[in-house]
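*Asks:* For reference, the sequence and a predicted model appear below.
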Amino acid sequence: MRRIIPYIMVLALSQVAAKPTNDWNSETKLWLGRSCAGEAGIHAHDECMGIAWVYATRAQETGMSLLKLIKKYSAAVKPHEKHRRPWLFELTLDGCKPEHFPRGLKWRVHRYYWMNMLKKLDQWARGEIENPVPCANHFGGAMDTPHVQWIRIRTPLSKAFKNRFYREVRVVQGKPASSALICNSDMNGNR
């Protein structure tokens, strides 16, 4: 037991205290906000923090800029001719009503959520927001089929999320990497 506690403490500190990115600017914030609004909903601030941490983790793993990774990874912000929610691309940092925002919905209410999401993203970028899904490096909807080498991350907070969060298990010499096992079985109680 004495050996396990230092490992858990190191993992917990690395997930909470670390500044998630040095690659932060207004364009990255805008696209991350748009991605969160499209992937989880404009009101899903806690889930957005999980998505942001996944993006930061993947950007670090791949060496891509955070902005490039968001545009490549997020289906919600990949432009195409018949995008279901073109208003996502019209969201701005000043909260102006998107031209194609759905009729019947009140922008005033959604603007409140949007502006709060942007504030929370700035807090996240400064390292002030704890990762709600520690160790996750992938997320997807229920319709996405998880790869065989993914372990689902479940935390009390993530049970209410629209998306599912996963950790890719890397196999080293025929054995799963120990950090994935510590993250998933010891911290989350599932394997």
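*Replies:* Happy to help now that I have it. Numbers count the residues shown, from 1 in each chain.
*Asks:* Could you use CA atoms for every contact and neighbour count after this?
*Replies:* Fine.
*Asks:* Make sure residue 76 is actually in contact with residue 33.
*Replies:* No. Taking contacts as C-alpha atoms under 8 Å, residue 76 lies outside contact range of residue 33: 10.9 Å.
*Asks:* neighbour count winner among these two?
*Replies:* Taking other C-alpha atoms under 10 Å, residue 76 and residue 33 do not tie; residue 33 has more neighbours (28 against 21).
*Asks:* Can you pull the poorly scored residue ranges out of the protein?
*Replies:* For the chain, the stretches with pLDDT under 70 are 1-18, 170-191.
*Asks:* Confirm residue 139 sits in a strand?
*Replies:* Yes. Remark: residue 139 belongs to a strand, assigned using DSSP: H, G, I helix; E, B strand; the rest coil.
*Asks:* how much space is there between it and residue 82?
*Replies:* 24 Å (C-alpha to C-alpha, to the nearest Å).
*Asks:* Which of these two has more residues huddled nearby?
*Replies:* residue 139 (21 against 7).
*Asks:* what's the distance between that one and residue 147?
*Replies:* 11 Å.
*Asks:* What backbone torsions are found at the residue positioned nearest the centre of the chain?
*Replies:* By C-alpha atoms, centre = their mean, the chain has its centre lying nearest to residue 51, at 0.7 Å. The phi/psi pair for residue 51 (degrees, to the nearest 10) reads phi -60, psi -40.
*Asks:* Residue 139 is in contact with that one, correct?
*Replies:* Yes. Contact criterion C-alpha under 8 Å: residue 51 and residue 139 qualify, at 7.2 Å.
*Asks:* dump the residue contacts of the nearest residue to residue 92 once chain neighbours are set aside.
*Replies:* Setting aside the residues directly before and after it, residue 92 is nearest to residue 30 in space (C-alpha to C-alpha, 6 or more residues apart in numbering), at 6.8 Å. Contact analysis of residue 30 by C-alpha atoms under 8 Å, 6 or more residues apart in numbering lists 91-93, 118.
*Asks:* That'll do, ta.
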